[in-house]
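# build the 3D model from these lines:
(chains A, B, C and D, ligands or ions: 4)
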4 protein chains.
Amino acid sequence: MALVCVEDFEKKAAGQLEKNALDYYRSGAGEQFTLGLNREAFRKLRLRPRCLRDVSRLDIGCPIFGEQMKWPLGIAPTAMQKMAHPDGEVGNARAAGKAGSIFILSTLSTTSLEDLAAGAPDTCKWFQLYIYKDRTITEKLVRRAEKANFKALVLTIDAPIFGHRRADVRNNFSLPSHLTLANFQGVKATGVATTAMGASGINEYVSSQFDPTITWQDIKWLKGITHLPIVVKGVLTAEDAVLAKEFGCAGIIVSNHGARQIDTVPASIEALPEVAKAVGNDLVVMLDGGIMQGNDIFKALALGAKTVFVGRPAVWGLAYNGQKGVEDMLSVLRKDFEITMALIGCQTLNDIQSSMVVHESQYSKL
Amino acid sequence: MALVCVEDFEKKAAGQLEKNALDYYRSGAGEQFTLGLNREAFRKLRLRPRCLRDVSRLDIGCPIFGEQMKWPLGIAPTAMQKMAHPDGEVGNARAAGKAGSIFILSTLSTTSLEDLAAGAPDTCKWFQLYIYKDRTITEKLVRRAEKANFKALVLTIDAPIFGHRRADVRNNFSLPSHLTLANFQGVKATGVATTAMGASGINEYVSSQFDPTITWQDIKWLKGITHLPIVVKGVLTAEDAVLAKEFGCAGIIVSNHGARQIDTVPASIEALPEVAKAVGNDLVVMLDGGIMQGNDIFKALALGAKTVFVGRPAVWGLAYNGQKGVEDMLSVLRKDFEITMALIGCQTLNDIQSSMVVHESQYSKL
Amino acid sequence: MALVCVEDFEKKAAGQLEKNALDYYRSGAGEQFTLGLNREAFRKLRLRPRCLRDVSRLDIGCPIFGEQMKWPLGIAPTAMQKMAHPDGEVGNARAAGKAGSIFILSTLSTTSLEDLAAGAPDTCKWFQLYIYKDRTITEKLVRRAEKANFKALVLTIDAPIFGHRRADVRNNFSLPSHLTLANFQGVKATGVATTAMGASGINEYVSSQFDPTITWQDIKWLKGITHLPIVVKGVLTAEDAVLAKEFGCAGIIVSNHGARQIDTVPASIEALPEVAKAVGNDLVVMLDGGIMQGNDIFKALALGAKTVFVGRPAVWGLAYNGQKGVEDMLSVLRKDFEITMALIGCQTLNDIQSSMVVHESQYSKL
Amino acid sequence: MALVCVEDFEKKAAGQLEKNALDYYRSGAGEQFTLGLNREAFRKLRLRPRCLRDVSRLDIGCPIFGEQMKWPLGIAPTAMQKMAHPDGEVGNARAAGKAGSIFILSTLSTTSLEDLAAGAPDTCKWFQLYIYKDRTITEKLVRRAEKANFKALVLTIDAPIFGHRRADVRNNFSLPSHLTLANFQGVKATGVATTAMGASGINEYVSSQFDPTITWQDIKWLKGITHLPIVVKGVLTAEDAVLAKEFGCAGIIVSNHGARQIDTVPASIEALPEVAKAVGNDLVVMLDGGIMQGNDIFKALALGAKTVFVGRPAVWGLAYNGQKGVEDMLSVLRKDFEITMALIGCQTLNDIQSSMVVHESQYSKL
Ligand SMILES: Cc1cc2nc3c(=O)[nH]c(=O)nc-3n(C[C@H](O)[C@H](O)[C@H](O)COP(=O)(O)O)c2cc1C
Ligand SMILES: Cc1cc2nc3c(=O)[nH]c(=O)nc-3n(C[C@H](O)[C@H](O)[C@H](O)COP(=O)(O)O)c2cc1C
Ligand SMILES: Cc1cc2nc3c(=O)[nH]c(=O)nc-3n(C[C@H](O)[C@H](O)[C@H](O)COP(=O)(O)O)c2cc1C
Ligand SMILES: Cc1cc2nc3c(=O)[nH]c(=O)nc-3n(C[C@H](O)[C@H](O)[C@H](O)COP(=O)(O)O)c2cc1C
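Ligands and ions are numbered 1, 2, ... in the order given. You can find the predicted model right below:
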């Protein structure tokens, strides 16, 4: 039977992955309230479609930092993709490239950034950065990313430590021993493979390696060592959006890290409007979290995002069928977005108006 | 056991129809959020009944475009009704006629408009129009509708392409080969019968045949070639309602196409108030979507509709027991509406006041 | 196991009654949305208890029309109680009397008002009136009620016809043939015992017998033929409350007839505030519908009711164990109300303040 | 499998306790609406985390009445803890001490306050007071508490009688005969062990022993006989908070007694804002009820509480594994709170800002 929506890929993946990996990929923090909210919050937004507009020449091309992407959806950074499928990050990135989507490589990838660049040369690639206690490590990563032709740095700012994901603790999660964090050597590469009882290997790794002292001042440091545009990922408030602007970031990804850090934070689509209002077009606002359908993408754009990213959906495609699985998932999503555009009466992303999306509470006023 | 409500007919039909047809009839777009909302939104509206009014002489007659209908409910256009029962469109239309209801024939009917007119001469018939890429086709349909004594043209404006109905893609939906789109010849008649893998035959037909370039200007063209009143079907916003008025339409059907086009649009009853407020009595406002009971009809009228239409309920009646099934369904609905009228203290449709329906949120103010 | 709440009596009764009778007693109109709402709407109201008040001398006595009731809860009129238990209306009324509660006898009782008066002489009794097409019938009922020492007339104004209760139609509901409507002779007594296919016997009886032309003017007529205070039962709007006052009624029962007339009307507790605000203390405001616990009673009083009534709970008590069952049910409810009073810091009904009950939406304002 | 959250301890305890005890511990009043609400109301509050703040030196120390507690969570008074585990109150208090938490001993403990003090000398202990009809009893308790080095008196003001907990009545709840209320002699010690049919032993005890006449004036009396700070427990309204201040209380615990008194009162987290606003920093505002996770603690602090307490979670820990079970439960909770602090960008309790917690309804405004 044809896979017709992202949920179909999710179900397939759930049937194929081992529990250790599946739980790692799908979990959210705590009771997973926000995990569900990331999707449900989209259902509280209503589309207001406009009729009788010529929609014969859809053009959903989307320029970001000077690159012309084919549509406003990219792949968010997710760690350790080879656990899902041997194609790993390369498969994911190649699928993105074919679709004309940005691919963001995680610092915690099971493929080194050089191998990724070699394997997916035609894909527009960004590099996601975590800042290690040992600053020289981060500095080296930046250099390597520049050299390997990554186009932007995505600094994840919502993870000084990792959130409490119950299943990972119950599973005593660790990276299968044939895999490593491929950007590193030694314990920084293998540190996720062993873990104490009653703990998650990845959380222990993060606590021992990441620098929890970083502040906005470190953006200055980062800007001092690279010419790449800096995107901060993990903003959920207008206050932090304004800081991002003041400290010279080129973009913001409104994100709650796939609901994996603290539970009961807002859905990313809930947080988007205050961020977009606070910074306007002064920097590029983007979003990830809970995107499952064409109309989700449309809503994010109408509320101020220039593009969106998907994390888990790409993992499900990869787990299901490697690179081909991701390609298929992206093509389902793209088609669904095109239908949405046409049926709301938009030919280009510029036609999207904020009045096309309202909160359901608008309809309680008779 | 007596069938006492529309759900009873729905259940019977579900037990009798084949999956291919059943899914086609019942599906909505995407996750089917709006499909459920079309009904639930009525539950958020409270009736405010008035007591001690003489309700002994109910008269629910309803004039529309100069015709006196027996009550404010008609049959919305639904495609390919012979899939439900051999009685098909003729059975449905005859049942409508007996009940004093308008019947709207779909362009995509399995009975030609001439056969329909011959089979149901006493029914007040309207013809629903899709605009084909080849304009001469539409022009001919208009001519034939006029000649066959149809009283109005219903231009469906929410379907430049068709929505993503997951079940139809999973089922590889196609029209059974003994049936055709009877208003046409050749591929236009048989085109829904074959379909590519992983696609819905009806969606492919629509993409290849319908004109996605049409705009409000084409209303002018249509008005230029016919004297029939033009009703636009599919309006969900005040903005489009105002355009309909400006371009000289005679009526509007507030509709989301039975939640079959884009998911997460408002329920039609949610969209009705803004439309009614925007155009007042300048043109005839009507509604379809989610009507299942007498009190649903009442609410739509109180919020500004002059009449409502049902799509699926008639299909369920037809599937259950042909023309007789539709008659029975309509009589259940009519009786339920009469009880509602009496118990709210209204003898005629003019007695219905907007204060008789409020949103539930009114009751959160102590 | 001890029966500790009204739900316990409900469950017992459901296990003992035959379907025909059980469905008749428990049904609401249509989809039974308001049936559930009658209870749920109480859950949206929060109690604001006050501490450190002397609550050692609870006195919940409640004066109504000059009679001193022992507490603010009476028994609402429900038809045909012998179907529930041979003790019938007499058992119910005696239990009410023992508890110091008002008992309202239905016109459609299976015990005549004279037998009721003889069987429950010490109970404070009111008589519920339906107005028959043949006015002399109603006039005689009024005379008999006066003579039998009933203290008030309760005119039910929400039932010119009866609502659509699906189960009754499915069951072809009729009164068991050994029972009659004991206030009448001939077909008026036996008319509920036979019914056409696909119909409810009680609804057919009502349509053939009750007068659907009555208006507020008929209140004048009624006042002209009796000295008893007149209570109108079935008010759900401020508008009708004002009319009740203008036409000289002594009291109002805010009620939706146990959700049995039209579905999606407000819960009676939702309608109470607007009624109480509209008429203040000019007439006695009361309420029935959905009362299941002590805190429900308290909320109704805080929002403006002087007393409340229960319909089904008494039927469940009766069905479970005749008069004794009703006594037990009332004593559970009374104890629960006393605990509520004490824990909110009220010794008498006069201590109840409107600030002690707020809508849950109050708590969304931080 | 590791126990990773309070629910895990709850489940373990539920599997180990006998029904009589389990029901006593877990029950709420009435339909248990507020019991659920105590937890759910936290889910309606969203956290607004701030990024890029140095969170390397978390210090969650919390001064209360001059004592420096290690974190803002203590153990609420719960009666009869030896029913849960032989370690009883001493085990619970020692676990609290190890965690740097306040332990509040109930008047109705199965360990005398002297034994508790001897068994847990290093724990910061408060004594919870009920006022008996015989005032000399309360006076003696106060003297003994002072002598045994308790640091505050917690006067529970929401329990002039006990609420209707259905399961306890159904179970005919009584204290197992090998246990006594250890602070007392004679019937005051053994009175919960026997009970009439259809009643709860603890409720009967309370009705016969506690003084329901107490008022705010009795606070004066209490202040006259002790130098210990007086905390009133059970405030749910701004009005009572103001009175607590006027009568010279040192602190308030916003609490609905674990939803055990009257059903449909607000969740304690719902009531907190109005209390905090009413009294500001004039006295120490605290909260208990529904705390299950680190983010619950954070929300209470952001809305004005200086510390929170848990009741049942400690009972579950105790039931599961005695003192060690409570220690483990506390350490799970502490870790979860630390993660929350870090991920919201707070190093100390002073960093917590009210803007970090908003009601979900904020996000319905686009
Ligand atoms: C399994 C998994 C691993 C992730 N790893 C990273 C990571 O290494 N770096 C990062 O910045 N975000 C990481 N994220 C967060 C994603 O970038 C993204 O914010 C999130 O997945 C978006 O939500 P979605 O999964 O609903 O699309 C991860 C998310 C998941 C589900
Ligand atoms: C099976 C089916 C076929 C439909 N075909 C058409 C059609 O050919 N033309 C059209 O304008 N609307 C079509 N509609 C939409 C209906 O006219 C109408 O808007 C909708 O069914 C109303 O909602 P309801 O089914 O809840 O009553 C169709 C709907 C259904 C369910
Ligand atoms: C089985 C049944 C029969 C009823 N019969 C009458 C009646 O004869 N006259 C009347 O005025 N109301 C009648 N009612 C309505 C009740 O007086 C009352 O409004 C309703 O039962 C209150 O709601 P409750 O059942 O939730 O307490 C009836 C209700 C029920 C459930
Ligand atoms: C089993 C049990 C016994 C309790 N006994 C007392 C008590 O003796 N005195 C008192 O003031 N509160 C008592 N409480 C209320 C608690 O102090 C506290 O308010 C409540 O448990 C907090 O809610 P939580 O259980 O959700 O944490 C009791 C609560 C429970 C669950």
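# all strands for chain A, in order.
A:45-47, A:62-64, A:67-69, A:73-75, A:103-105, A:125-129, A:153-156, A:230-235, A:251-254, A:284-288, A:307-310, A:357-359 (DSSP state E).
# can you redo those strands as a markdown table with mean neighbour count and mean pLDDT?
All C-beta atoms are positioned from the backbone trio N, CA, C, and that covers glycine. Output for those, formatted as a markdown table (neighbours: other Cβ atoms under 10 Å in any protein chain shown; pLDDT from 0 to 100):
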| stretch | mean neighbour count | mean pLDDT |
| --- | --- | --- |
| strand A:45-47 | 23 | 98 |
| strand A:62-64 | 19 | 97 |
| strand A:67-69 | 14 | 97 |
| strand A:73-75 | 28 | 98 |
| strand A:103-105 | 28 | 98 |
| strand A:125-129 | 25 | 98 |
| strand A:153-156 | 25 | 98 |
| strand A:230-235 | 26 | 98 |
| strand A:251-254 | 28 | 98 |
| strand A:284-288 | 26 | 98 |
| strand A:307-310 | 27 | 98 |
| strand A:357-359 | 20 | 98 |
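# any chance of those in JSON lines, plus distance to chain C?
Below are the strands of chain A laid out as JSON lines (distance: least, Cβ to the nearest Cβ, whole Å):
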{"stretch": "strand A:45-47", "distance to chain C": "19"}
{"stretch": "strand A:62-64", "distance to chain C": "37"}
{"stretch": "strand A:67-69", "distance to chain C": "40"}
{"stretch": "strand A:73-75", "distance to chain C": "35"}
{"stretch": "strand A:103-105", "distance to chain C": "36"}
{"stretch": "strand A:125-129", "distance to chain C": "35"}
{"stretch": "strand A:153-156", "distance to chain C": "30"}
{"stretch": "strand A:230-235", "distance to chain C": "22"}
{"stretch": "strand A:251-254", "distance to chain C": "23"}
{"stretch": "strand A:284-288", "distance to chain C": "26"}
{"stretch": "strand A:307-310", "distance to chain C": "29"}
{"stretch": "strand A:357-359", "distance to chain C": "15"}
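# ok, residue A:35 - contacts?
A:27, A:28, A:29, A:258, A:259, A:263 (Cβ atoms under 8 Å, 6 or more residues apart in numbering or on different chains).
# what's the neighbour count on the third one?
Spelled out, it's residue A:29. Residues near residue A:29, counting by other Cβ atoms under 10 Å in any protein chain shown, number 29.
# do the same with residue A:57
Neighbour tally, residue A:57, other Cβ under 10 Å: 9.
# could you do residue A:320 as well?
So residue A:320, with other Cβ under 10 Å, has 25 neighbours.
# again with residue A:353
Counted with other Cβ under 10 Å, residue A:353 comes out at 13.
# follow-up on the earlier one: list just the nearest of the contacts of residue A:35 to residue A:109.
residue A:258 (16.2 Å; Cβ to Cβ).
# reformat the strands of chain A as CSV; add distance to residue C:209.
Putting the strands of chain A into CSV (distance: least, Cβ to Cβ, whole Å) gives the following:
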stretch, distance to residue C:209
strand A:45-47, 48
strand A:62-64, 72
strand A:67-69, 75
strand A:73-75, 68
strand A:103-105, 76
strand A:125-129, 78
strand A:153-156, 76
strand A:230-235, 70
strand A:251-254, 66
strand A:284-288, 65
strand A:307-310, 66
strand A:357-359, 51
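# ok, the single nearest residue of the stretch 51-200 of chain A relative to chain C - contacts?
Nearest residue of the stretch 51-200 of chain A to chain C: residue A:158, at 23.8 Å (Cβ to the nearest Cβ). Residue A:158 is in contact with A:233, A:234, A:236, A:255, A:256, A:257, A:261, D:49, D:51, D:343, counting by Cβ under 8 Å, 6+ apart.
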